[in-house]
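Peer 1: Give the three-dimensional model of this entry:
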Amino acid sequence: MANKLEKFAEVRHRQVATNGITMHVAEQGDLSATPVLLLHGFPELWLSWWQQMAALAANGYRAIAPDLRGYGDTDVPADPTAYTIFHIVGDLIGLLDQLELPRVFVVGHDWGATVAWYLCLFRPDRVRALVNMGVPYFPRHPSVKPTDQFKVFGEGFYVTQFQEAGRAETSFAKYDVLTVLKKFYSIKIDNLSAPPGMEIMDFLEAPASHLEWFPEDELQYFAEKFHKNGFTGPLNYYRNMDMNWALIAPWQGAKIEVPTKFILGEKDMGYISFGTRTYIKVGGLKAIVPNLEVVTIDGHHFIHQEKAEEVTSEILSYFSNLN
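Peer 2: Residues are numbered from 1 along each chain as shown. Presented below is the predicted three-dimensional model:
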């Protein structure tokens, strides 16, 4: 941790009481500057955004990057039902209230993108504009739960295997935490589903060498945090997908009106699979997010780290035009 504090000396850290938990928040930039809330995905932490945070601060913004519920130095509730989308969005509304920020720009990636979509759906009054990455907003199916929709990918599909309490944790425990993280950060389109009888963690391959875009000292920081708290909290996001589907029924057919830029990696597993490319290209996403701009970048899923400069440029250009 000492090395991290030295390397990111400009980053301030605080614990904020919100929605019944204590949330760790990293900040950079002047407290009076225009605020930008950055929401990480799985399996990530606030540190995923350090490059964007530095650039935002240098360009006159206040970057605010929390560890989401269940992650890092934020509380990890033991109750698996304490990870619904209402809880996660509620944490963020409480955070904004505590920081006395009526409206913010928002940036999200992966699960953070999902949370950001629902933040915009539930409380558009708190969001000036959104830049989201990796996971588009899919309209709620009126009669089919998410886990039933995933059955088409077979029993080896990673989301399906994550549903059973303890199953993924047992599989992950066969490897050191650093290896588990490297396997996820190197995931490719052809290994989202394990062969019959195999756990997804056994099927995923760790890179033979270090990841160019992910320095080892940062990986070690991630590994320390996940070693401390384990993966159950983050996995509970997946385990509440059907509960979320039930909870958001009152928003059936509602559109997300917040101005949005959606950034995708051309080689992102989520873009290539699940019909996502077609959904976006034929206007499915724009139909439900009408004030939408889509940008594709030559990269993979963790695009904000792999292609940090390009992503940061897209964020800054979008927000500057709305200021």
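
Peer 1: Now for the closest residue to P124 other than its chain neighbours: which residues touch it?
Peer 2: Computed as Cβ to Cβ, 6 or more residues apart in numbering, the closest residue to P124 that is not its neighbour in sequence is V258, at 5.3 Å. Where you see a C-beta, it was placed from the backbone N, CA and C, and this is true even at glycine. Listed by Cβ atoms under 8 Å, 6 or more residues apart in numbering, the contact set of V258 reads C120, P124, V127, R128, A129, L130, N291.

Peer 1: Look up how far F262 lies from the third one.
Peer 2: The reference is to V127. Computed as Cβ to Cβ, to the nearest Å, the V127 to F262 distance reads 14 Å.

Peer 1: Could you tell me which of the contacts of V258 count as buried?
Peer 2: C120, V127, R128, A129, L130 (16 or more other Cβ atoms under 10 Å).

Peer 1: The first one is in what secondary structure piece?
Peer 2: Spelled out, it's C120. According to DSSP states H and E, C120 maps onto helix 111-122.

Peer 1: immediately after that helix, which helix or strand?
Peer 2: Using DSSP H and E, the first helix or strand after helix 111-122 is strand 127-133.

Peer 1: helices or strands up against the helix or strand just after that next one?
Peer 2: From strand 127-133 onward toward the C-terminus, using DSSP H and E, the following helix or strand is helix 146-149. Judged by 3 or more Cβ pairs under 8 Å, 6 or more residues apart in numbering; DSSP states H and E, helix 146-149 is in contact with helix 241-247.

Peer 1: buried sites along the helix it packs on?
Peer 2: Neighbour-count burial for helix 241-247, with 16+ other Cβ under 10 Å as criterion, is recorded at M241, M243, N244, W245.

Peer 1: swap in stretch 199-215?
Peer 2: By neighbour count with 16+ other Cβ under 10 Å, stretch 199-215 contains the buried residues E199, I200, M201, F203, L204, L211, W213, F214.

Peer 1: Among these, which pair sits farthest apart?
Peer 2: Greatest spatial distance in those: E199 and W213, 26.9 Å, computed using Cβ to Cβ.

Peer 1: Contacts only, for G299.
Peer 2: Counting by Cβ under 8 Å, 6+ apart, G299 touches G265, E266, K267, D268, E306, K307, E310.

Peer 1: redo that, cut-off 6 Å
Peer 2: G299 makes contacts with G265, E306, K307, as judged by Cβ atoms under 6 Å, 6 or more residues apart in numbering.

Peer 1: Not counting residues beside it along the chain, what's closest to it?
Peer 2: Nearest one to G299, counting by Cβ to Cβ, 6+ apart, is G265 at 3.9 Å.

Peer 1: Same question for E169, what's its three-state structure.
Peer 2: Here E169 is recorded as helix under DSSP: H, G, I helix; E, B strand; the rest coil.

Peer 1: Which single one of the buried residues of stretch 199-215 is nearest to A26?
Peer 2: F214 (17.8 Å).

Peer 1: Can you pull the phi/psi pair for the closest one?
Peer 2: The phi/psi pair for F214 (degrees, to the nearest 10) reads phi -130, psi 90.

Peer 1: go on, the one 10 residues further on?
Peer 2: Backbone torsions of E224, given as degrees, to the nearest 10, read phi -60, psi -40.

Peer 1: Equivalent analysis for F157, please.
Peer 2: Dihedral angles for F157 - degrees, to the nearest 10 - are phi -60, psi 140.

Peer 1: re earlier: quick check, nearest of the buried ones among the contacts of V258 to T22?
Peer 2: Compare each of those with T22 using Cβ to Cβ and the shortest gap goes to V127, at 23.8 Å.

Peer 1: Quick check: the closest one touching V106?
Peer 2: Yes. Between V127 and V106 there is a contact under Cβ atoms under 6 Å: 5.3 Å.

Peer 1: one step back: and the helix holding C120 with strand 127-133, angle?
Peer 2: Angle between the axes of helix 111-122 and strand 127-133 is 150 degrees (criterion: axes from the mean of the first three to the mean of the last three Cα atoms, to 10 degrees).

Peer 1: who does helix 111-122 touch, helix- and strand-wise?
Peer 2: strand 34-39, helix 85-98, strand 127-133 (3 or more Cβ pairs under 6 Å, 6 or more residues apart in numbering; DSSP states H and E).

Peer 1: could the ones you listed go into TSV alongside mean pLDDT and distance to K145?
Peer 2: Output for the helices and strands packed on helix 111-122, formatted as TSV (pLDDT from 0 to 100; distance: least, Cβ to Cβ, whole Å):
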stretch	mean pLDDT	distance to K145
strand 34-39	98	25
helix 85-98	98	14
strand 127-133	98	24
